[in-house]
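Student: Pasting the sequence and the predicted coordinates here, then a few questions.
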Amino acid sequence: MEQTPPDPERQMQPALLKPPGHPDSGLEAAIREEAEGAPEDSSGLGTMTENNFWLKKIEISVSEAEKRTGRNAMNMQETYTAYLIETRSVEHADGQSVLTDSLWRRYSEFELLRNYLLVYYPHIVVPPLPEKRAEFVWHKLSADNMDPDFVERRRIGLENFLLRVASHPILCRDKIFYLFLTQEGNWKETVNETGFQLKVTICVNDLPSPFMVIRLILVVHLVRQFMDEADFQLLLGHLCVLLPVSMHFMVPALGEEDMSVERILQLGHLIFQLSVMHECAFHSHMFLFHCLEDLVPILSMLIPILSFLQYPQPLLLPQVLEIEAPVFLYLDVKLFLRVLELFLQVEGLGLQLLLNLRWPCNAGAAEAAALPAAFSVPTALGPTAASPLALSPLSVAHLLQELLDLLLPPGSLHPQKHFQLLQLSVLFLQVITASGLFLELHLHVIQGFWHWQTGQRNGSELDNPKEVELMDWMISRRYGMKEKRRNYRRFTELKHYSDELQSVISHLLRVRARVADRLYGVYKVHGNYGRVFSEWSAIEKEMGDGLQSAGHHMDVYASSIDDILEDEEHYADQLKEYLFYAEALRAVCRKHELMQYDLEMAAQDLASKKQQCEELATGTVRTFSLKGMTTKLFGQETPEQREARIKVLEEQINEGEQQLKSKNLEGREFVKNAWADIERFKEQKNRDLKEALISYAIMQISMCKKGIQVWTNAKECFSKM
Amino acid sequence: MDMNSFSPVMPTSPLSMINQIKFEDEPDLKDLFITVDEPESHVTTIETFITYRIITKTSRGEFDSSEFEVRRRYQDFLWLKGKLEESHPTLIIPPLPEKFIVKGMVERFNDDFIETRRKALHKFLNRIADHPTLTFNEDFKVFLTAEAWDLSSHKKQGPGLLSRMGQTVKAVASSMRGVKNRPEEFMEMNNFIEIFSQKINLIDKISQRIYKEEREYFDEMKEYGPIHILWSASEEDLVDILKGIASCIDKCRKATERRMSGLSEALLPVVHEYVLYSEMLMGVMKRRDQIQAELDSKIEALTSKKGDPHLLTEEIGRLEDKVECANNALKADWERWKQNMQNDIKSAFTDMAEENIHYYEQCLATWESFLTSQTELHLEEDSEDKL
């Protein structure tokens, strides 16, 4: 069987590791130093460089798997598989390797290692672990975790994982990874000491996402309905243990019958932290999140809209909408339109209210001309029907028409409602824009809308800062800041790519499993000839011998498929690795999104503080705000009080500006690093997949050769009969 | 394989030609060439049936002309078979295809069914034509040459359905009683037939199953190639290789299709014909036993002194001749049939092996050319890198 020359970077087989781009010096010293040196702060990458050197000349292998039984944390009997990791250092002179360490690890420890890496290196596409349970099985393949073939394939997969980490230019320097290979006992404790779980909490604290908040409040409420009181308390207990700091928020909040918006937000925030953590540590209740996932977004969309309708008071409204607007950017338009439909159906609430809010329309010819364009677009968007959104263009058109009707019909309008509706419609437009699908449409609508808006005002100055902001937003959506847009597009593309990669590979694997199943059938049925031929040969004097040996060849043919498909299973494993890589890619994208969102929030916060400050300084209140209301209700403050507050605000603004700056910097750094690693990943992926595909062709060739051989032998037997 | 060498619709492989010439009973004396083709559907108010065109070319003197063309329906074939069995009870008459089900593929398309049956009917007539005795049967000649009205008048002359039924009942009854002193060689023959029937049925089933599995494999492969194409849309650097794999899979799929059709032409009909043959053989054995049983009963009657001894002795003599005749006919035909069977089975399986070799060779060539193109690409890239 021909083989393409093995790529030295490829680590399916234990091989010498040579991370590119590092000088080949100071090896011996580095090993000693490293072995003696006390554990350092693992977050500092700079101090870890030495680690890299010992890895250069080291062979890592997962050489054995062993079934073990033990007691788990709950003191329950459990069976698991432990894997023997061996590391050998390779001497320079004779190339002989010396066993330096060998220790046993189980799958969950590999998981812990990977989770740790995920948290500490958010900008890196962390190599995936092999599947926990066999997926894409066909009938011969066992789905049993203890199946020897499965364990063997997992052993290879785990080895591959270690080799991938070891050959990664950054990950290979990690202290925890080094200890994973060298220190059997206490390793878990060391990992936990790094406080990587805490780090999750901390970065969550920086990211209050109102959307997530509302979503998770609903989760808690729904969970409560599904669980009895005792279970619920238990769940709460878990939550509190995991989040000791937040405990005091949690319990009182859940005890109250009617929660204030603020309380809800607090509570949701906490649960959000948990939901991020649960990816690392919170497996046990994951299923609850899963089963609610479909329902929750819809409801969580309804909440702000309904609250908008139920609390049309100006003081609450802008707050809700302000928070929600950017959040909608992360949702898909299908859901939103479903909600919109729901919302239009809500009796006595939505539609009625909206119908009351009719615009005074003395719109001129310009607006009238702009609108039909907007109307005609949705119907022209034929391909939408075929898009994954599965929304008929008609229903989109219908909804949009509804929206535009609301915007434009003649009637009278209260100035305040005018503003609310303006915001609401901008919201719609944002969603439509965010989907990307309706970009064309969106431009038309915005143009029409904006023309109408400016025409309506007869060129008068935009004196409401909110509206100025809205306009800025729209312009920035339209023309955008170049860099931001580019990053946004790059990451969106990457996300899109990882989705595609995942779907196409899983599809491929499914089809392959079915094809393998059938091929197995074709081969195995031939085996039946073997038996019948040999029985028949007993009564045939002339043909007997020929039949007998032909039967033997049929048996050989039938059993050859076992090896062929076992080889193919390795190919499937190679594909599976990239299936899981898709998830790792998405993790990087998600991180980027969160950072981006964080940045936006900080900027918004800063802007509102600036505005407050300005209001206080000038004494004018331009928006309907809590401040404004209290000012009106309780009268003016004393100048001293105002001075003090301005001072506080100014300090906060300074701080905020600093923060924003550092966040911007951090974001840029992240993008730079992430992109470098993604480039590295792409190269690796192209190389690996190319090789995997070639190896598939080689397997096919060897299968054909086997087939030719068997059938040539069989033919000889037949023709001798 | 098919005996027919000039049918326009039947593909004839060189191998089968060789077999035909080599193993034909009387290859040099072949003077009757029959083709069955052009099935035609007839719809009347009472029934729907299909007729087949039968063209006969011959150099025999007893035929009025050297070429005949008639149309016959399945029932006519059935009549011929009945006639042949009647006049040659212990000759191994070639089997007719079943009334309804011919080879598992029937369910799929009506056209398939008709085509399969046409082939089987073609084979049936040629088998008779090649049979040293049956070929000279008068009814066979009538079947090949008579006009439709003439044939139906011939049909009426034969024993009615009832009498034939009676015969069958008698045959069943006698075989139920069993024959006491069946000669050793026929015991052996009977044993052979039993085992043969069992095995050939199994082989038939296995072959059908393989065909089915291959069909399913073929169907599952349908998605396998295109998914690589789909994938290539999102992988800039892997476009070539993914498309290459897709086209290889596609070509292999086509090779699978060819292997399937090879299997369904070379192996399945032959095996199935011998399944039917095994049933015919059992019928022959029964008829032989029946003739002997008749003789035995007379002898018994004579020994127990029932009836007129003189008359009985005379009849016994006649029957003894009949048994002798039947036995000799069967023995002679048996050897001939066995030889044919071995040749047919052998060539069918050899063909199957050849189909498979061919299939794997095609796939091998496909994958190897893909691999060379890929490695060449690599080499080019490498040399470019060096420059």
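Tutor: That came through, no problem. Since we're looking at a predicted model, the values are computed, not measured.
Student: right, quick check: the helix or strand containing B:C363 against chain A, any contact?
Tutor: Using DSSP states H and E, B:C363 sits in helix B:309-386. Yes. Helix B:309-386 comes into contact with chain A (Cβ under 8 Å from any Cβ of the partner chain), by way of B:342, B:345-346, B:349-350, B:353-354, B:356-357, B:359-361, B:363-364, B:367-368, B:370-371, B:374-375, B:378. In this view, the C-beta of every residue, glycine as well, is placed from N, C-alpha and C.
Student: Among those, name the buried ones.
Tutor: B:342, B:345-346, B:349-350, B:353-354, B:356-357, B:359-361, B:363-364, B:367-368, B:370-371, B:374 (16 or more other Cβ atoms under 10 Å in any protein chain shown).
Student: before we move on, back to that, and the helix holding B:C363, what other elements does it pack with?
Tutor: helix A:639-720, helix B:14-23, helix B:184-232, helix B:239-266, helix B:268-303 (3 or more Cβ pairs under 8 Å, 6 or more residues apart in numbering or on different chains; DSSP states H and E).
Student: okay, those helices in a markdown table with distance to A:D563 next?
Tutor: Formatted as a markdown table, these follow (distance: least, Cβ to Cβ, whole Å):
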| stretch | distance to A:D563 |
| --- | --- |
| helix A:639-720 | 9 |
| helix B:14-23 | 32 |
| helix B:184-232 | 18 |
| helix B:239-266 | 19 |
| helix B:268-303 | 29 |
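Student: B:V70 is nearest to which of these?
Tutor: Among these, the nearest to B:V70 by Cβ to Cβ is helix B:268-303 (23.5 Å).
Student: Now do the closest one, average pLDDT.
Tutor: Helix B:268-303 comes out with an average pLDDT of 87.
Student: quick one: it to helix B:309-386, angle?
Tutor: Angle, helix B:268-303 to helix B:309-386, by axes from the mean of the first three to the mean of the last three Cα atoms, to 10 degrees: 160 degrees.
Student: What's the separation between A:A617 and chain B?
Tutor: The gap separating A:A617 from chain B is 55 Å, by Cβ to the nearest Cβ, to the nearest Å.
Student: same thing with A:D677?
Tutor: 18 Å.
Student: Where does pLDDT dip in chain B?
Tutor: B:1-29, B:100-109, B:155-181, B:307, B:377-387 (pLDDT under 70).
Student: what do you get if the cut-off is 80, keeping everything else the same?
Tutor: B:1-31, B:42-48, B:61-62, B:98-113, B:146-183, B:304-309, B:376-387 (pLDDT under 80).
Student: tell me the domain boundaries of it?
Tutor: By the assignment in the TED database, chain B contains the domains B:29-152, B:177-386.
Student: right, and those - which one's nearest A:L649?
Tutor: domain B:177-386 (50.0 Å).
Student: Distance from that closest one to the middle of the chain?
Tutor: Relative to its chain's centre, domain B:177-386 lies at 9 Å (Cα atoms, centre = their mean, to the nearest Å).
Student: Up against chain A, what does the stretch 151-300 of chain B have?
Tutor: Residues of the stretch 151-300 of chain B lying near chain A (Cβ under 8 Å from any Cβ): B:191-192, B:195-196, B:199, B:202-203, B:206, B:209-210, B:213-214, B:216-217, B:220-221, B:223-224, B:227-228, B:230-231, B:234-235, B:237-238, B:241-242, B:245, B:248, B:252.
Student: Tell me both backbone torsions, phi and psi, for B:T45.
Tutor: phi -70, psi -30 (degrees, to the nearest 10).
Student: and A:K132, which of the three is it?
Tutor: Secondary structure assignment for A:K132 (DSSP: H, G, I helix; E, B strand; the rest coil): coil.
Student: thinking again about what came up before, how many degrees apart are the helix holding B:C363 and helix B:239-266 in direction?
Tutor: Using the same axes, to 10 degrees: helix B:309-386 against helix B:239-266 is 170 degrees.
Student: Can you check what angle separates helix B:309-386 from helix B:184-232?
Tutor: Using the same axes, to 10 degrees: helix B:309-386 against helix B:184-232 is 20 degrees.
Student: quick one: what helix or strand has B:V36 in it?
Tutor: Going by DSSP H and E, B:V36 is in strand B:32-43.
Student: How about A:L519?
Tutor: Going by DSSP H and E, A:L519 is in helix A:482-537.
Student: Give the closest residue to A:S695 in space, chain neighbours not counted.
Tutor: A:Y571 (6.4 Å; Cβ to Cβ, 6 or more residues apart in numbering or on different chains).
Student: Check A:H552 too.
Tutor: A:G530 is the one closest to A:H552 (Cβ to Cβ, 6+ apart), at 6.7 Å.
Student: quick one: contacts for that neighbour?
Tutor: A:551-552, A:554-555, A:558 (Cβ atoms under 8 Å, 6 or more residues apart in numbering or on different chains).
Student: Could you do B:R71 as well?
Tutor: B:40, B:51-54, B:148.
Student: so what's it bridging to?
Tutor: Partner residues in beta bridges with B:R71, using DSSP bridges, are B:R53.
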